[in-house]
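In: the amino acid sequence is not available; the structure is as follows:
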């Protein structure tokens, strides 16, 4: 592909103490991609999202958003860039002391210059997009897990982002609600022309959403391809992960790992 | 936050400041009044008991007014607020940190300092002197009551003695101290809250640490303040 990537993780290394969570990964995210990043729990998938948001800094390598090196940006420029990226957290991360309306209005009131009436309209519009109209006055504690996730998705879309990041969007949801969220991700990213990166280890969701998939294993991207190639993967690690078999190189590596 | 100031924006939102002010100030008034009233009462009782032996119990109002204005008002209010508000700030911010709410705020491009820290710091710094004044008034009322009952010092004489013994310097020093203690408590509480790690247990640990460190710091800074002020206002 000759297209300029929206995000480029260029030979990125992230170390926590002595452990390399990401060990020189090279990954390009192109406009309008729905890239699903697969990998084991604790394998560095969420770390990747935090690098893109500039919340973490790489130990080595570059994280670029278009031509900007994210970790070199000043605080004000980084905040400006973050306002163009939406993030949906695993456990929604709605501000518990604010109601749904205030949660959604938060990025606009803090960063935008819209009148209260315009903000109200925008909140209504985004809530309708995720099928949550009429919940403006509810507190996050009054919502179910699936509802919270949908409100979180609406909040991520408030600033009309170019890129939306999803950290385990189906975590803790029943299969039906999980499918609803998957369909929302597909329809909303298509409607808004947004690029999305979805981190998950739920294979059904992954195949439903992805236009492209990447597998992160032991700090490296071991396969980056179309979803169809993942179904018939030749790589034994990818095959074991996709099929969920007990026997295979992933479990062998866990058994052989030094417990210290 | 620095960027906001450069652009001429306030380092906090008014609505957030008013919400915190209401919680910090109005919610703390009854406790500060009650504790100060009882302390004023006890102090007058004990000093009066001693001074009566020398026939100088008429000095009780002077003693109590200077002690409360310069020392006990700000100190007592600081300890009450460190326990009540410092703990609340740390627990609230710590829970938000654990639930990734702080990171979500940062990820939206909103500075957590402007949104979470600045209103809390401003509220506690501005309200500490106000609460300290409440504490002084309650302490004086408590001591006036017990002086009237046990020492036969009528309230008119008591408050006349208070007014004639107080200097503007004492009041200013007390208020400055109170504002500084507020800032110290706020900084410690917010720092402890935003650096929580380790889930619910971490929040509990940070809250305990916050209260212990804030109370110790308030007492430590009070001593330091007294040494410096006494040295330079001789």
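Out: Arrived safely. Because the structure is a prediction, the values reported are computed rather than measured.

In: what's in contact with stretch A:155-162?
Out: Stretch A:155-162 is contacted from outside by A:6, A:31, A:83-88, A:94, A:103-108, A:111-112, A:122-123, A:126, A:129, A:164, A:188, A:192, A:194-195, B:108, using C-beta atoms under 8 Å, 6 or more residues apart in numbering or on different chains. For every residue, glycine as well, the C-beta is placed using N, CA and C.

In: make it 7 Å
Out: Stretch A:155-162 has contacts (C-beta atoms under 7 Å, 6 or more residues apart in numbering or on different chains) with A:6, A:83-88, A:103-104, A:107-108, A:122, A:126, A:129, A:164, A:188, A:192, A:194-195.

In: overlap between those and the residues near chain B?
Out: Counting by C-beta under 7 Å from any C-beta of the partner chain, A:83, A:87, A:107 from the contacts of stretch A:155-162 sit close to chain B.

In: what's around residue 155, how many residues?
Out: You didn't say which chain, so I picked chain A. 28 (other C-beta atoms under 10 Å in any protein chain shown).

In: switch to chain B, please.
Out: Residue B:155, neighbours per other C-beta under 10 Å, totals 13.

In: would you show me how to pick out the buried ones of the ones next to chain B among the contacts of stretch A:155-162 in PyMOL?
Out: Selection of the buried residues among those in PyMOL, burial being defined by 16 or more other C-beta atoms under 10 Å in any protein chain shown:
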select buried, chain A and resi 83+87+107
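
In: of the ones next to chain B among the contacts of stretch A:155-162, closest to residue B:184?
Out: The nearest member of those to residue B:184, counting by C-beta to C-beta, is residue A:107 at 32.5 Å.

In: ok but that closest one is inside a strand, no?
Out: No. Counting by DSSP: H, G, I helix; E, B strand; the rest coil, one finds residue A:107 to be helix, located in no strand.

In: surely residue A:15 is in a strand?
Out: Yes. Looking at residue A:15 with three-state DSSP, it is inside a strand.

In: which parts of the stretch 51-200 of chain A are helices?
Out: With DSSP state H, counting those that start in this stretch as the criterion, the stretch 51-200 of chain A has helices at A:75-82, A:100-111, A:116-129, A:145-157, A:175-192.

In: pick the most buried one from those helices.
Out: Comparing these by mean neighbour count (mean count of other C-beta atoms under 10 Å in any protein chain shown), helix A:145-157 ranks first with a mean of 23.

In: ok, residue A:59 - contacts?
Out: Residue A:59 neighbours (C-beta under 7 Å, 6+ apart): A:13-15.

In: between the residues you listed, which has the most around it?
Out: Among those, the one with the most neighbours (other C-beta under 10 Å) is residue A:14, at 24 neighbours.

In: tell me which parts of chain B are close to chain A?
Out: Proximity of chain B to chain A is confined to B:3, B:99-101, B:103-104, B:106-111, B:115 under the rule C-beta under 7 Å from any C-beta.

In: lowest-confidence member of those, which is it?
Out: Lowest pLDDT of those: residue B:3, 55.

In: tabulate the helices of the stretch 51-200 of chain A (a markdown table), appending mean pLDDT.
Out: Output for these, formatted as a markdown table (pLDDT from 0 to 100):
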| stretch | mean pLDDT |
| --- | --- |
| helix A:75-82 | 90 |
| helix A:100-111 | 90 |
| helix A:116-129 | 92 |
| helix A:145-157 | 90 |
| helix A:175-192 | 87 |
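
In: closest one to residue A:207 among the ones you listed?
Out: helix A:175-192 (9.7 Å).

In: quick one: contacts of the closest one?
Out: A:34, A:129-130, A:146, A:149-150, A:153, A:157, A:160, A:164, A:166, A:169-170, A:173, A:196, A:198, A:205, A:208-209.

In: out of the contacts of residue A:59, who's nearest chain B?
Out: residue A:14 (16.3 Å; C-beta to the nearest C-beta).

In: so for residue 96, what's the nearest residue that isn't a sequence neighbour?
Out: Assuming you mean chain A. Excluding the flanking residues, the one nearest residue A:96 by C-beta to C-beta, 6 or more residues apart in numbering or on different chains is residue A:140, at 5.4 Å.

In: I was thinking of chain B, sorry if that wasn't clear
Out: Nearest one to residue B:96, counting by C-beta to C-beta, 6+ apart, is residue B:102 at 5.1 Å.

In: shaky segments in chain B?
Out: Scanning chain B for pLDDT under 70 picks out B:1-12, B:234.

In: is the most centrally placed residue in it in a helix, a strand, or coil?
Out: In chain B, the centroid-proximal residue (C-alpha atoms, centre = their mean) is residue B:78; its distance is 3.0 Å. Following three-state DSSP, we place residue B:78 in the helix state.

In: need the contact list for the nearest residue in space to residue A:134 that is not next to it in sequence.
Out: Nearest non-adjacent residue to residue A:134, counting by C-beta to C-beta, 6+ apart: residue A:127, 7.9 Å away. Residues near residue A:127 by C-beta under 7 Å, 6+ apart: A:104, A:133, A:135-136, A:154.

In: picking that back up, what's downstream of the host helix or strand of the residue nearest to residue B:96, the next helix or strand?
Out: Using DSSP states H and E, residue B:102 maps to helix B:101-107. Going down the chain from helix B:101-107, the next helix or strand is helix B:112, by DSSP H and E.

In: this completes my enquiry, with thanks.
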